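Trainee: Requesting a structural model of the entry that follows:
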Amino acid sequence: MKEKLILGLLRGVAMLPLGVLYIISDFLYLIVYRLVRYRLKVVRHNLSEAFPHKPEKELRHIERGYYRFLCDVMVETVKLLHISAAELARRVEVKNAEEVNAVSKAGRSVVLMLGHYGNWEWVQDVSRCFTSGAYEASIYRPLRNPMWDDIFRRVRSRWHVNILPQAGAVKALLDPSHRPWICGFIADQGPRQVLPDNVTPFLNHHTSFIYGPEAIGTKVGADFYFLEMERMRRGYYRITFHRLEPLADGKPYPYSRAFWQKFEEVIKRKPAYWLWSHKRWKYDPVIE
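Mentor: The predicted model follows:
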């Protein structure tokens, strides 16, 4: 009953025009940042360690920009419960999808690696650009709260992409009947186990990374792409597919390391659009 009430409320909010939702976002910003100060210590700690040479004034500017954007992501995510495919396509430009389609039509699977940057919930719009008939999937880490997990699965599955929980992803993607596939992995999450082989320099830290996307992709001979999402202006994004070439440094997981290098470049250009309130570096030391 509680889930139905919350879902009904969210759907009612989703019916509002985005212009109205952004007014709500501005109000949320005052609550989340000014009043509640949601994870403010975490955000300031992460920013100061990632950019130790930036002056305090610049860090505060990034901080405010982050909280404004975080509130926009909240209302934009709710909007997914009602927004039409045509409206989402008008707001999300997709570039270089034809290359991914060519790879898929040639019978090879595709690993798409992206991070919590821009509105990662709107990334599912890229599915409209896939024309090869490949099995389309997205990997997600289930939320601890069953009610919110169900709500987010509804949000993420409106465009008929197969939403695979981590526990069953390997079996599904190694199933020959599902090939070729195109699968998106949010790859900037921390792994459950930190080993010397899955640590790379990133934003002034020795950063551990998940290696599942590369391990699965390598097993099936997949091609690897970095899915870059740029915020052009409020409510408008551009998604670009960049082929990942493996780093030739002789270290393990060369595609994953290539992703982290490109992802760092994107964050440094416009740092406010990454998920700074996440405790990303609980175990990874700062690079001295």
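
Trainee: quick one, strands of the stretch 1-150 of the chain?
Mentor: 92-95, 110-114, 135-140 (DSSP state E, counting those that start in this stretch).

Trainee: Quick one, which of these gets closest to S208.
Mentor: Shortest distance between S208 and the strands of the stretch 1-150 of the chain, using CB to CB, is found for strand 110-114: 15.6 Å. Every C-beta, even on glycine, is put in place using the N, C-alpha and C of the backbone.

Trainee: Can you list the neighbours in contact with the closest one?
Mentor: 100, 103-104, 120, 123, 134, 180-187, 213-214, 216-217, 222-229, 241, 244, 255-256, 259 (CB atoms under 8 Å, 6 or more residues apart in numbering).

Trainee: quick one: contacts for V78?
Mentor: L10, V13, A14, L21.

Trainee: let's see 10 Å
Mentor: In this structure, V78 makes contact with L9, L10, R11, G12, V13, A14, L16, L21, I24, E121, I151, V155, judged by CB atoms under 10 Å, 6 or more residues apart in numbering.

Trainee: just to revisit the earlier point, so which of the strands of the stretch 1-150 of the chain is the most packed in?
Mentor: For those, the largest average neighbour count (mean count of other CB atoms under 10 Å) is found in strand 110-114, namely a mean of 25.

Trainee: what is the mean pLDDT for that strand?
Mentor: Strand 110-114 carries an average pLDDT of 97.

Trainee: got the angle between it and strand 135-140?
Mentor: 30 degrees (axes from the mean of the first three to the mean of the last three CA atoms, to 10 degrees).

Trainee: What strands flank strand 110-114, and is each parallel or antiparallel?
Mentor: Strand 110-114 has the following strand partners under DSSP bridges: strand 181-186 (parallel), strand 223-233 (parallel).

Trainee: Relative to V286, which of the ones you listed is closest?
Mentor: Nearest to V286, of the strands paired with strand 110-114 and by CB to CB, is strand 181-186 at 24.0 Å.

Trainee: nearest to V286, of the strands of the stretch 1-150 of the chain?
Mentor: strand 110-114 (24.5 Å).

Trainee: quick check, distance from the closest one to the centre of its chain.
Mentor: Counting by CA atoms, centre = their mean, to the nearest Å, strand 110-114 is centred 11 Å from the centre of its parent chain.
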